[in-house]
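Asks: Kindly return the folded structure for what I paste below:
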Amino acid sequence: MMKCVNTDKIPSIPNAPFSQGMIVGGLLFMSGQVGTDPAPGKLVEGGVQQQAEQEIKNISSVYKTLADEILPQLRRARLTANYDIIGRSDDEINEAFNSDPKVLSVEELLYAATLTNDNARKEAIFTKTTQLYPNDFRAYNNLGELAFAAGDAAKAESYFKQAASKNANAPEVNANLGLCELVKGNVAAAETYLGKATGANAAGEALGNLYIKQGQYDRAVNSFGDAKTNSAAQAQILAKDYNKAKATLSAIKNPDAMTDYLMAIVGARTNNASLVSSSIKSAIAKDPSMAEKAANDREFAKYADAIK
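Replies: Predicted coordinates for the structure are as follows:
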């Protein structure tokens, strides 16, 4: 989409062979501005500072026109495009899946899985998608991610390999296969897969885990970025950024026993006995095996009373 930006709020140049601004491909290209007041059409008086201030006002006027007149049109165009792809409302998609999933396109089926937080329903949707659209890799990949999150690495790898058989170059599939290799301790194989995973959403997580395995903790932290996961917090702990690790662990949406255990480590390394005690108790409540792990962990050697 290409559109001119024109406003009488900035000075115009008669017969000039350019526009005040152009939007092309979602980018704004603005012509240079000078310190001219558009009302009288003359340079403002007072010198360089006053003229610079007028230039800023002229530039801001272009952005004002962009916000008021152009962006609403772009937003409407984007919404129309999305509706054309999906074609049905959320309720209609859910009802169709329940009654006759064959009427749904592969995009609609994959979208249907985003409408629920129930992993069992997600799995049912992805499984049906593989039956109706067996050559699309995405449903196999998503089934693998569900299995991986549930702790079944072998099942996850099986799904990821099925996804790879449909599209061996898909970055997200290679990222996930890299994670599977890391779980098995095959660092070299993981590196090979991750080298093909550029652009995948999961690549940062996978690379972060790889760098942890290699002892490159600062690089691991950078790879995880703003991810709120146990692995990201582990990298931050290993890099000795305990405040950031604590913030990451506190922001995890569904904390598990390992989340609490890592928080206890943060407490131990910052001499916070209260945090050690409360976090270990929470971890053990979620997973009783954490009691033995904590008792034998040198991180908590001086907190024996706190973790009882």
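Asks: which secondary structure element contains G185?
Replies: In this assignment (DSSP states H and E), G185 forms part of neither any helix nor any strand.
Asks: quick one, phi psi at it?
Replies: Main-chain torsions, G185, degrees, to the nearest 10: phi 90, psi 10.
Asks: Which pLDDT value goes with it?
Replies: Note on G185: pLDDT of 78.
Asks: likewise Y133?
Replies: On pLDDT, Y133 comes in at 95.
Asks: now K122
Replies: Reported pLDDT for K122: 93.
Asks: Ok, I56 next?
Replies: With respect to pLDDT, I56 has a value of 54.
Asks: now swap in T229 and tell me
Replies: Reading off the model, T229 has pLDDT 90.
Asks: Spell out the residue ranges of the helices in the stretch 101-250 of the chain.
Replies: Using DSSP state H, counting those that start in this stretch, the helices of the stretch 101-250 of the chain run over 106-112, 119-132, 137-149, 153-166, 171-183, 187-194, 203-214, 217-224, 230-238, 242-251.
Asks: any residues touching the third one, and which ones?
Replies: In this case it means helix 137-149. For helix 137-149, contacts defined as Cβ atoms under 8 Å, 6 or more residues apart in numbering pick out 106, 109-110, 113, 119, 122-123, 126-127, 129-130, 133, 153, 155-160, 162-164, 166-167, 170, 172-173, 176, 179-180, 202. All C-beta spots, glycine's among them, are computed from the backbone N, C-alpha and C.
Asks: thinking again about what came up before, per-stretch mean pLDDT over the helices of the stretch 101-250 of the chain, give me the minimum one.
Replies: Note on the helices of the stretch 101-250 of the chain: helix 203-214 shows the lowest mean pLDDT, a mean of 75.
Asks: Show me what counts as buried in that one.
Replies: Across helix 203-214, burial judged by 16 or more other Cβ atoms under 10 Å covers A203, G204, E205, A206, L207, G208, N209, L210, Y211, I212.
Asks: State the distance from the last one to A170.
Replies: Spelled out, that is I212. In this view, I212 and A170 are 24 Å apart by Cβ to Cβ, to the nearest Å.
Asks: Distance to D100 for the helices of the stretch 101-250 of the chain - can I get that in JSON lines?
Replies: Below are the helices of the stretch 101-250 of the chain laid out as JSON lines (distance: least, Cβ to Cβ, whole Å):
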{"stretch": "helix 106-112", "distance to D100": "12"}
{"stretch": "helix 119-132", "distance to D100": "11"}
{"stretch": "helix 137-149", "distance to D100": "18"}
{"stretch": "helix 153-166", "distance to D100": "25"}
{"stretch": "helix 171-183", "distance to D100": "29"}
{"stretch": "helix 187-194", "distance to D100": "38"}
{"stretch": "helix 203-214", "distance to D100": "37"}
{"stretch": "helix 217-224", "distance to D100": "42"}
{"stretch": "helix 230-238", "distance to D100": "40"}
{"stretch": "helix 242-251", "distance to D100": "41"}
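Asks: Out of these, which gets nearest to V266?
Replies: Closest to V266 of the helices of the stretch 101-250 of the chain is helix 242-251 (Cβ to Cβ; 5.0 Å).
Asks: got the buried residues for that closest one?
Replies: In helix 242-251, counting by 16+ other Cβ under 10 Å, buried: Y242, K244, A245, K246, T248, L249.
Asks: residues near C180, how many?
Replies: Residues lying near C180 (other Cβ atoms under 10 Å) number 22.
Asks: scratch that, Q234 is what I was asking about
Replies: Applying other Cβ under 10 Å, we find 23 residues neighbouring Q234.
Asks: As a markdown table, the buried residues of helix 203-214 with distance to T270 would be great.
Replies: A markdown table is the format used below for these (distance: Cβ to Cβ, whole Å):
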| residue | distance to T270 |
| --- | --- |
| A203 | 31 |
| G204 | 27 |
| E205 | 26 |
| A206 | 29 |
| L207 | 28 |
| G208 | 23 |
| N209 | 24 |
| L210 | 27 |
| Y211 | 24 |
| I212 | 21 |
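Asks: Could you find which two of these are furthest from each other?
Replies: Going by Cβ to Cβ, the pair spanning the buried residues of helix 203-214 furthest: A203 and I212, at 14.8 Å.
Asks: ok, E172 touching K196?
Replies: No: using Cβ atoms under 8 Å, E172 is not in contact with K196, being 10.5 Å away.
Asks: who's more crowded, those two?
Replies: Taking neighbours as other Cβ under 10 Å, E172 and K196 compare with E172 leading, 23 against 18.
Asks: I figured S231 hits A206, correct?
Replies: No: S231 sits out of contact with A206 when judged by Cβ under 8 Å, with a separation of 9.6 Å.
Asks: and T259, what does it touch?
Replies: Neighbour list for T259: N230, A233, L249, I252 [criterion: Cβ under 8 Å, 6+ apart].
Asks: how close does the nearest residue to the first one once chain neighbours are set aside sit to F137?
Replies: Nearest-residue entry for N230: M258, 5.1 Å, with adjacent residues in sequence omitted and distances by Cβ to Cβ, 6 or more residues apart in numbering. In this view, M258 and F137 are 30 Å apart by Cβ to Cβ.
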